[in-house]
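Asker: Just a sequence and a predicted model for now, questions to come.
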Amino acid sequence: MASVAKIPIAASGSFLITPNVGMTIWTLVVFAISLFILWKTVFPAIGRALDKRVETINESLDSAENTRKEAEKVLAEYRERLAEARGQADEIMSRARRAAEAQERQAQEDLRAQRERQLEQTRLEIEAETRRAIQEIRREVADLTVLATEKVTRKTLTEADQRRLIEEALSELDFSALASEGAENA
Amino acid sequence: MSALQAAPAPPSPGMSKGRKIMWAVLALWIGGIVLFVILFGLTSHKAANVASGVFSPTDEFKLDTWFKLGPIAFNKGVMYLLLTVGLTVGVMAYVARRLKQRPGRLQAAVEWAYDLTQGMARENLDQRMARKYFALIATLFVFIFVTNMIGYIPLPVDSTNKFNLFGLHIPSFQIYAADTNVAFPLILALGVFVLFNYEGIKHHGFIGYFKSLIPGGVGKGMLPLISVIEVLSVFLRLISLTVRLWANLLAGHLLIAFMGGELGVLVGQPVVSWALLPLGVAIYMFEATLIAGLQAFIFAILTAIYLGSSVSSH
């Protein structure tokens, strides 16, 4: 590789390691300008902004802490009120339940009383009816007895005979069964 | 990769889009090597100015005087310095003017740099010194960082090699950085050197400063030797500070240029240029993403360390 050996890297390379005087001065001036501007305007501004941000963050943290405390307080208060309200609601509910129960009991009572009254009346009516029916049957039996006796004896019965015959007939009839049946239905 | 894998299912199963592209690029690269070998063979095809030794790869770092204003010469390096100061001050002032409580990306980046350099100052200097020198340390960081970064943008500034575009002789595009000229790091390092010695002498007194350089507990016999070494080491700081920045940037730019095709031109084989191109791209990305920031960081933090150590005794 003789061709590689001929590569003239350092043939005129002395300028590479010789500081260029013009560049030295230019660098110094340019760097000084940069330093001055950054020092006087840029860095203080950034520093202030960063400080301000730190301050803001601290404030935010503080206010967040305060807000949290406040929130906790409000929450506790709310819970207390909620418990109170719940107690009240329970009381109202139980009172309402009691009232409803009492009303129901009252209604049942009324209903039973009314039914009893109706039953009583019905019983009385039946009794009256029964009595009336017995009376009717009595009269009917008496008339029939008179009629039958007239047919058998072919004569008209005197008042005294009639009375006697009726008494006899009636004493043979037993109305107690009817009366008791009527009483049972009532 | 994960983003690429998450993309809609590729037509052929089992191969992600990214992987496909990777294979395609690899195939293109190998195909290119084969094509170049077939077209040019393995014999050297040196350009005339390379064969005669007129062309030198380091010429692009030469500072041709473009024009003069009285005694003030204007050249490529000066242009880069002006670009640097314009960008540095421009961006920083722009951000400083519209500082927001909720920062955007640019403001966040600037604030990050501010915090970083303030950390350097606070960790290495006492409160008074930190207040005094924070601006210097921060400016050094930002200034060198911007210089480095614009050094990776190709600009038509290579006035020693021009190309012809419709009859216009335009300087070739190149990536140049102001700190590839040793004058740039040297003057900054010299400034730092003067400052930390000044602070040391102010703090300890002239004799006291030299005494402070020598570690305690050195025997009488060793004293002369140790003294010479310690004093020398102070001066070596100047050289190391300069050379670290300058050599890193110059070597980086040369490597990118060589791997990006120049080596092939020098040995007269296009296939070499083609074969090394991926390496050139890799070095470019490495330099631009890591070295640019790292060198600025090192220069700034060493400034803080030197200033801090000058006012503290061994």
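Answerer: Now that the structure is in, tell me what you want to look at.
Asker: just the strands in the chain please.
Answerer: All of this refers to chain A. Here chain A has no strands by DSSP state E.
Asker: other chain: chain B
Answerer: So, for chain B - with DSSP E - the strands run B:65-69, B:72-75, B:155-165, B:168-174.
Asker: Please identify the most buried of those.
Answerer: Highest mean neighbour count among the strands of chain B (mean count of other C-beta atoms under 10 Å in any protein chain shown): strand B:72-75, with a mean of 17. To be clear about C-beta, it is placed using only N, CA and C from the backbone, and glycine gets the same treatment.
Asker: Show me the contact partners of stretch B:137-148.
Answerer: With contacts defined as C-beta atoms under 8 Å, 6 or more residues apart in numbering or on different chains, stretch B:137-148 is touched by A:31, A:34-35, A:38-39, A:43, B:80-81, B:84-85, B:87-88, B:91-92, B:113-114, B:116-118, B:120-121, B:177-179, B:184, B:188, B:192, B:245, B:249, B:291-293, B:295-297, B:299-301, B:303-304.
Asker: Quick one: distance of that stretch to the chain centre.
Answerer: Distance, stretch centre to chain centre, for stretch B:137-148: 10 Å (C-alpha atoms, centre = their mean, to the nearest Å).
Asker: any weak-confidence spans in chain B?
Answerer: Low-confidence segments of chain B (pLDDT under 70): B:1-14, B:313-314.
Asker: how about a cut-off of 90?
Answerer: B:1-17, B:33-79, B:96-104, B:153-183, B:204-231, B:257-258, B:260-275, B:289, B:310-314 (pLDDT under 90).
Asker: longest helix of it?
Answerer: helix B:223-257 (DSSP state H).
Asker: Show me what that helix is packed up against.
Answerer: Contact here means 3 or more C-beta pairs under 8 Å, 6 or more residues apart in numbering or on different chains; DSSP states H and E; on that basis helix B:223-257 packs against helix B:183-204, helix B:206-213, helix B:270-286, helix B:292-310.
Asker: TSV please, covering the ones you listed and showing distance to B:Thr65 and mean neighbour count.
Answerer: As requested, these are exported to TSV (distance: least, C-beta to C-beta, whole Å; neighbours: other C-beta atoms under 10 Å in any protein chain shown):
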stretch	distance to B:Thr65	mean neighbour count
helix B:183-204	14	20
helix B:206-213	42	15
helix B:270-286	29	17
helix B:292-310	28	21
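Asker: Can I get those helices in JSON lines including distance to chain A?
Answerer: Output for the helices and strands packed on helix B:223-257, formatted as JSON lines (distance: least, C-beta to the nearest C-beta, whole Å):
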{"stretch": "helix B:183-204", "distance to chain A": "4"}
{"stretch": "helix B:206-213", "distance to chain A": "25"}
{"stretch": "helix B:270-286", "distance to chain A": "10"}
{"stretch": "helix B:292-310", "distance to chain A": "12"}
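Asker: and the longest helix anywhere in chain A, is it in reach of chain B?
Answerer: Counting by DSSP H, the longest helix found in chain A is helix A:43-153. Yes - counting by C-beta under 8 Å from any C-beta of the partner chain, chain B is contacted by helix A:43-153 at A:43, A:45-47, A:49-50, A:52-53, A:56.
Asker: If any of these are buried, put those into a PyMOL selection.
Answerer: In PyMOL syntax, the buried subset of the residues of helix A:43-153 next to chain B is picked out as below (16 or more other C-beta atoms under 10 Å in any protein chain shown):
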select buried, chain A and resi 43+45+46+49+50+53
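Asker: what's the farthest-apart pair in the residues of helix A:43-153 next to chain B?
Answerer: The largest separation in the residues of helix A:43-153 next to chain B, counting by C-beta to C-beta, is between A:Phe43 and A:Thr56 at 19.9 Å.
Asker: What helices and strands are in contact with the longest helix of chain A?
Answerer: In terms of contacts (3+ C-beta pairs under 8 Å, 6+ apart), helix A:43-153 is packed against helix A:159-172, helix A:176-185, helix B:76-97, helix B:105-124, helix B:127-150.
Asker: out of these, deepest packed?
Answerer: Scoring the helices and strands packed on helix A:43-153 by mean count of other C-beta under 10 Å, the most buried comes out as helix B:127-150, with a mean of 21.
Asker: before we move on, back to that, JSON lines for the strands of chain B, including distance to B:Gly200?
Answerer: Formatted as JSON lines, the strands of chain B follow (distance: least, C-beta to C-beta, whole Å):
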{"stretch": "strand B:65-69", "distance to B:Gly200": "39"}
{"stretch": "strand B:72-75", "distance to B:Gly200": "35"}
{"stretch": "strand B:155-165", "distance to B:Gly200": "41"}
{"stretch": "strand B:168-174", "distance to B:Gly200": "41"}
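Asker: Among the helices and strands packed on helix B:223-257, which comes closest to B:Thr43?
Answerer: Distance to B:Thr43, taken as C-beta to C-beta, is lowest for helix B:270-286 among these, at 11.1 Å.
Asker: which residues touch that closest one?
Answerer: B:29, B:32-33, B:36-37, B:39-40, B:45, B:152, B:252, B:255-256, B:258-265.
Asker: can you dump the C-alpha coordinates of that helix into CSV?
Answerer: What follows is helix B:270-286, C-alpha atoms only, in CSV (Å, rounded to 0.1, in the frame of the first residue of the first chain):
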residue,chain,number,x,y,z
PRO,B,270,-14.2,4.4,-5.1
VAL,B,271,-15.0,1.0,-3.5
VAL,B,272,-13.2,2.1,-0.3
SER,B,273,-15.3,5.2,-0.1
TRP,B,274,-18.5,3.2,-0.6
ALA,B,275,-17.5,0.5,1.9
LEU,B,276,-16.6,2.9,4.6
LEU,B,277,-19.6,5.1,4.2
PRO,B,278,-21.7,3.4,7.0
LEU,B,279,-18.8,3.8,9.4
GLY,B,280,-18.7,7.5,8.4
VAL,B,281,-22.4,7.9,9.2
ALA,B,282,-22.0,6.1,12.5
ILE,B,283,-19.1,8.3,13.5
TYR,B,284,-21.0,11.4,12.5
MET,B,285,-23.9,10.5,14.7
PHE,B,286,-21.6,9.5,17.6
